[in-house]
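Colleague: the sequence and its predicted three-dimensional model are supplied below.
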Amino acid sequence: MHAGAPAADARALMRSRYSAYVLGDADYLLASWHPTTRPAALSLADAPGRRTVWLGLKVQAHASTGPDTAEVSFTARLRVGGGSARRLHERSRFVREDGHWFYVDGDVS
């Protein structure tokens, strides 16, 4: 998908976006973000002494919410700057347009 193939579903897109964070691929993240909510720029550069290490991903749920919409709930584990591991929980919303899934937004808890 990072080379341009469309994701089969929202879960696959969400997994590819997690991989993009691991790889530091801001261009892919922006390209897979819906234009209505996409930021103008995205920097994945770490602050000095604050390197982010991604430790894993667990998808809790994937649900179709309409013919071209879906939600994915997940937990990502990460460590920042050598500190303790943290968990990021998000319920993300996705939309499919012209056969391509896009990340719209999410609720972080």
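Modeller: Great, that's in hand.
Colleague: so in this protein, which helix runs the longest?
Modeller: Using DSSP state H to assign secondary structure, the helix with the most residues in the chain is helix 10-23.
Colleague: now do that helix: distance to the chain's middle.
Modeller: With C-alpha atoms, centre = their mean, to the nearest Å as the basis, helix 10-23 stands 5 Å off its chain's centre.
Colleague: any buried residues in the very next helix or strand once past that helix, and which?
Modeller: Using DSSP states H and E, the helix or strand that follows helix 10-23 in sequence is helix 26-31. By 16 or more other C-beta atoms under 10 Å, the buried positions in helix 26-31 come out as 28-29. C-beta here means a position set from N, CA and C on the backbone, and glycine is covered the same way.
Colleague: what residue is smack in the middle of the protein?
Modeller: R17 (3.9 Å; C-alpha atoms, centre = their mean).
Colleague: ok, it touching A31?
Modeller: No. If you go by C-beta atoms under 8 Å, R17 and A31 don't touch, sitting 10.3 Å apart.
Colleague: how about the residue nearest to the centre of the chain, what does it touch?
Modeller: 28-29, 32, 103 (C-beta atoms under 8 Å, 6 or more residues apart in numbering).
Colleague: what does A41 give?
Modeller: L30 are the contacts of A41 under C-beta under 8 Å, 6+ apart.
Colleague: what about it, which helix or strand?
Modeller: Using DSSP H and E, no helix or strand contains A41.
Colleague: pLDDT averaged over the longest helix of the chain - what is it?
Modeller: Per-residue pLDDT values over helix 10-23 give a mean of 96.
Colleague: nearest to W54 among the contacts of R17?
Modeller: Comparing the contacts of R17 against W54 with C-beta to C-beta places L29 closest, at 13.2 Å.
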